[in-house]
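Please work out how this folds:
(one chain, ligands or ions: 1)
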Amino acid sequence: MSRPPVGLSASGVEVWIDDHPVLHDISLEVPAGNIVGLVGPNGSGKSTLLRSVVGALRPRRGTITVDGRATGSMSTRERARQIAFVPQEVDLPADMLVHEYVALGRLPYSSPWSMGRSGDRAAVGRALRSVGMAEHAYSAVDHLSGGERRRVALARGLAQDCGVLVLDEPTNHLDIRHQLDLLTFLRTVGTTVLVSLHDLDLAARHCDSIYVLNDGRIPAHGEAVSALDPAVVAEVFGVSAHWAVNFATGRTHLVFEPGPPAQPAPDPTRPTMENR
Ligand SMILES: Nc1ncnc2c1ncn2[C@@H]1O[C@H](COP(=O)(O)OP(=O)(O)OP(=O)(O)O)[C@@H](O)[C@H]1O
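Numbers count the residues shown, from 1 in each chain. Now for the predicted structure:
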């Protein structure tokens, strides 16, 4: 991407779907050039929040700004030049070639008589190379595997050349090498990234800060060690977790134990029904 990164912020965002509140008073900050992770259990509202941020859903209350400008006052085309969105599930049109699909990312810059300019072709080529899919440029999209489709969808977002990239679970369907490659690659893109992830340890390792979403609210945010404090993980995800050092690399990882979170040890000096 060549466009400079810009900051993204949401303030007091409330979203209703089908007469039900899904997001309650959400505020978040994604500083320019940062990678900010969004984690939370299934159904906590991650996709709803990302879709609201990119303008696919209209919040009932609250403001979303990009580079200090409210997105609600931007035209669709203008917003698409500011924020690129790669959704969780992407329907790739069956009879399209990979490079044609990625070129759709250039639509916000095109007029009917200018599609296929050399600048657009260069952006498409760059995006395909960066996700390791250049050799598939002339394949039909419906011949791709699930993981290859995810990478092509990301290429389309990169070709859009925006200051903010919003990714909904981009590691879905990717094998472990491609998950690590993708998250490492995001750091090199040089844009602002808001990304939802299910793997808490990957989020901790690759994001500058993390927002935890639970039942449409944000109970914790900040650097990984505080946002993903074991008490928060137990409360939100219902699993036992702790931070552990990998002695081979010196890195700290969040590791999990099966079963419910451990209860605090009983205080023997405190009366109970049994020893009273
Ligand atoms: N189109 C819709 N119609 C009705 N309810 C919806 C719709 N989209 C989302 N919801 C509801 O909003 C809540 C949040 O859903 P959302 O998809 O944002 O969660 P999520 O955190 O992204 O989940 P997952 O991790 O499973 O992808 C859920 O209760 C879901 O059922």
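
helix, strand or coil for the closest residue to the ligand within the stretch 51-200 of the chain?
Nearest residue of the stretch 51-200 of the chain to the ligand: Q88, at 6.2 Å (C-beta to the nearest ligand atom). Every C-beta, even on glycine, is put in place using the N, C-alpha and C of the backbone. Here Q88 is recorded as coil under DSSP: H, G, I helix; E, B strand; the rest coil.

Now do the nearest residue to it once chain neighbours are set aside: how many residues are near it, please.
Leaving out its chain neighbours, the residue that sits closest to Q88 by C-beta to C-beta, 6 or more residues apart in numbering is D168, at 4.1 Å. When neighbours are counted by other C-beta atoms under 10 Å, D168 registers 23.

How about H253?
For H253, the neighbour count with other C-beta under 10 Å is 15.

Now that the residue nearest to Q88 has come up, it's in contact with S196, right?
Yes - under the criterion of C-beta atoms under 8 Å, D168 makes contact with S196 at 5.2 Å.

tell me, what's touching the two both at once?
46-47, 50, 88 (C-beta atoms under 8 Å, 6 or more residues apart in numbering).

Put together JSON lines for those, with secondary structure, neighbour count and pLDDT on each row.
Supplementary listing: the shared contacts of D168 and S196 in JSON lines, determined by DSSP: H, G, I helix; E, B strand; the rest coil; neighbours: other C-beta atoms under 10 Å; pLDDT from 0 to 100:
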{"residue": "K46", "secondary structure": "helix", "neighbour count": "23", "pLDDT": "97"}
{"residue": "S47", "secondary structure": "helix", "neighbour count": "19", "pLDDT": "96"}
{"residue": "L50", "secondary structure": "helix", "neighbour count": "23", "pLDDT": "97"}
{"residue": "Q88", "secondary structure": "coil", "neighbour count": "16", "pLDDT": "86"}
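
Let me know the closest of those to A241.
Closest approach to A241 among those (C-beta to C-beta): K46, at 18.9 Å.
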